[in-house]
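Novice: no sequence for this one, just the structure:
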């Protein structure tokens, strides 16, 4: 038996579980993730052996909001199926009134050979979607 490689799971505390659920319920299936677990204070999505968990921030810790420039998580990056997939996601995100980061440099904000789309989730966690071709 071989041991799986890569990360097992990542857990993210969110300020408003309902808003985050609404946001990720659409996005994660678009990226090949399936709903894995759900309970009153959280939910998770799985792709292969790895999963991403979202849990409600406890009340005493909600006062200071997340900011990617502080120590800790900076952003999450996911693979797109193709450049056309990124274009599809971009249209869908615009319909949902989700603004983009670095829109003036789309699709090469990450460099000349890095085709990607950048935006933020409800807690302002930066999301990057990257196409390999």
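Specialist: Looks like it came in fine. Just so we're clear, the structure is a prediction, and the values are computed from it rather than from any experiment.
Novice: and the closest residue to residue 34 other than its chain neighbours, what does it touch?
Specialist: Closest residue in space to residue 34, ignoring its immediate chain neighbours: residue 46 at 5.8 Å, by Cβ to Cβ, 6 or more residues apart in numbering. Where you see a C-beta, it was placed from the backbone N, CA and C, and this is true even at glycine. Applying Cβ atoms under 8 Å, 6 or more residues apart in numbering, we find residue 46 in contact with 33, 34, 35, 36, 52.
Novice: highest neighbour count among the residues you listed?
Specialist: residue 52 (21 neighbours; other Cβ atoms under 10 Å).
Novice: OK, contacts around it?
Specialist: 9, 10, 12, 28, 33, 44, 45, 46, 76.
Novice: confirm that it sits in a strand.
Specialist: Yes. Residue 52 forms part of a strand when assessed by DSSP: H, G, I helix; E, B strand; the rest coil.
Novice: quick one: it from residue 34, how far?
Specialist: 11 Å (Cβ to Cβ, to the nearest Å).
Novice: what do these two both touch?
Specialist: Common neighbours of residue 52 and residue 34 (Cβ under 8 Å, 6+ apart) are 28, 45, 46.
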